[in-house]
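Undergrad: Okay, here's the prediction I keep looking at, along with the sequence it came from:
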Amino acid sequence: MSDTAQFEAFMTAYQDMVYNTAYRLLGTETDAADVAQEVFLRAWKHFPDLRSNTSAGGWLKTVTRNLCLNHLTRYRARWRFFSDLRPEGDSDDDEPIDFAAPDTFEQSLFTGDQKQILEQAIAQLHPAQRTALMLYHFEDMDYVDIAKHLGVSLGKVKTDIHRARAALQKKLQLKRADLGVTT
Amino acid sequence: MNRKPENQLEAWAQAALQELPRKNAPLWLSQRVMEQIRKEASRPWYRKPWLSWPFSVRIFSVVGLGGILFSAWAFGHPVGSVAAEQVDQAVSYTSTVESVGRAGLLALANVHPWILATAAGALAIAALATCGFGALCVRVAATNR
């Protein structure tokens, strides 16, 4: 098997993981594809070391995460500016949230439609909130690590994650109320 | 933040997000990457980064660059006069700009102070209106987000 054929097989094995990670952090398919391409071009340069390495998946995930964070850093000044201009009435963190019992989550939350609603709600989150939320829940990073990686304060990370969760919860509840679903 | 609702919210978010389906890479991604790799491989050595040039060529390029620098130093006089000519030219541009500036100041000094004050006021109002309109656009955009 030639080097390129081996690399193609390597890519087939890992491309979904790389793309999914990039998509969750960046929120758009175009950006995720661009970052995934860059990750695999870098992997090609290190392929002699990676092909027999059992931690190749970890290497790819780390490179993907770092490239996504670099990509997001370019827009950080804009986030900071817009995060100070929250629209009036957009106070997810101030309103009490009515939680369903845990067993009800399992039964009625995750229908196909609601996954779709959740995807849409994630796409509508503020980039700073979405990134912090995804790093916490998908990348298993703690608040301190997230703050360090994003170059923001610990308090901001906590607030962003809380607001993101609350916004998702609120959007799902509103949708369920529209559909007449009771919890 | 109340700790208990926060923990419940975290648990809810964790459960909800883990249920989301995995996004699969588009089919064209591997083709695009392989195409890029082939393109990179077919580029001639001199169009690649210097570090990936053949070793002998790298040695030759270092020796060649050293030779050019030495020649420039050894035959410094002609090079020096070209440089001096360039500096002279730059100085003449500077003096032209300076003359134009002085002429402008002289013209301003002869304009009636009331006209100057009115013009300055109009400029300030225009600047404030631009900033106000910009801020309004940003707020509208943020509200519609």
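TA: On my side now, so go ahead.
Undergrad: Next, count neighbours for the nearest residue to B:Gln36 once chain neighbours are set aside.
TA: In this structure, B:Gln36 finds its nearest non-sequential neighbour in A:Leu41, 6.1 Å apart by Cβ to Cβ, 6 or more residues apart in numbering or on different chains. Bear in mind the C-beta positions are built from the backbone N, C-alpha and C, glycine included. Neighbour count for A:Leu41, taken as other Cβ atoms under 10 Å in any protein chain shown: 13.
Undergrad: so A:Leu41 is in which element?
TA: If you go by DSSP states H and E, A:Leu41 is part of helix A:29-45.
Undergrad: and after the least confident helix or strand in chain A by mean pLDDT, which helix or strand comes next?
TA: Ranked by mean pLDDT, DSSP states H and E, the weakest helix or strand in chain A is helix A:102-104, scoring a mean of 46. Next in sequence after helix A:102-104, counting helices and strands by DSSP H and E, comes helix A:112-124.
Undergrad: mind checking how far that following helix is from the chain centre?
TA: Chain-centre distance of helix A:112-124: 13 Å, with Cα atoms, centre = their mean, to the nearest Å.
Undergrad: neighbouring contacts of that helix?
TA: If you take Cβ atoms under 8 Å, 6 or more residues apart in numbering or on different chains as the criterion, helix A:112-124 is touched by A:27, A:130, A:133, A:167-168, A:171-172, A:175-176, B:16-17, B:19-21, B:145.
Undergrad: How about the residues of chain B by chain A?
TA: B:1, B:5-6, B:8-26, B:29-30, B:32-34, B:36-38, B:40, B:138-139, B:142-143, B:145 (Cβ under 8 Å from any Cβ of the partner chain).
Undergrad: again, only using 6 Å
TA: When proximity is defined by Cβ under 6 Å from any Cβ of the partner chain, chain B lies next to chain A at B:8-9, B:13-17, B:19, B:22-25, B:29-30, B:32-33, B:37, B:142-143.
Undergrad: how many neighbours does A:Arg65 have?
TA: A:Arg65 has 21 neighbours, counted by other Cβ under 10 Å.
Undergrad: quick one on the thing from earlier: can you turn the buried subset of the contacts of helix A:112-124 into a selection I can paste into PyMOL?
TA: The buried residues among those can be selected in PyMOL (16 or more other Cβ atoms under 10 Å in any protein chain shown) with this line:
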select buried, (chain A and resi 27+130+133+167+168+171+172+175+176) or (chain B and resi 16+17+20)
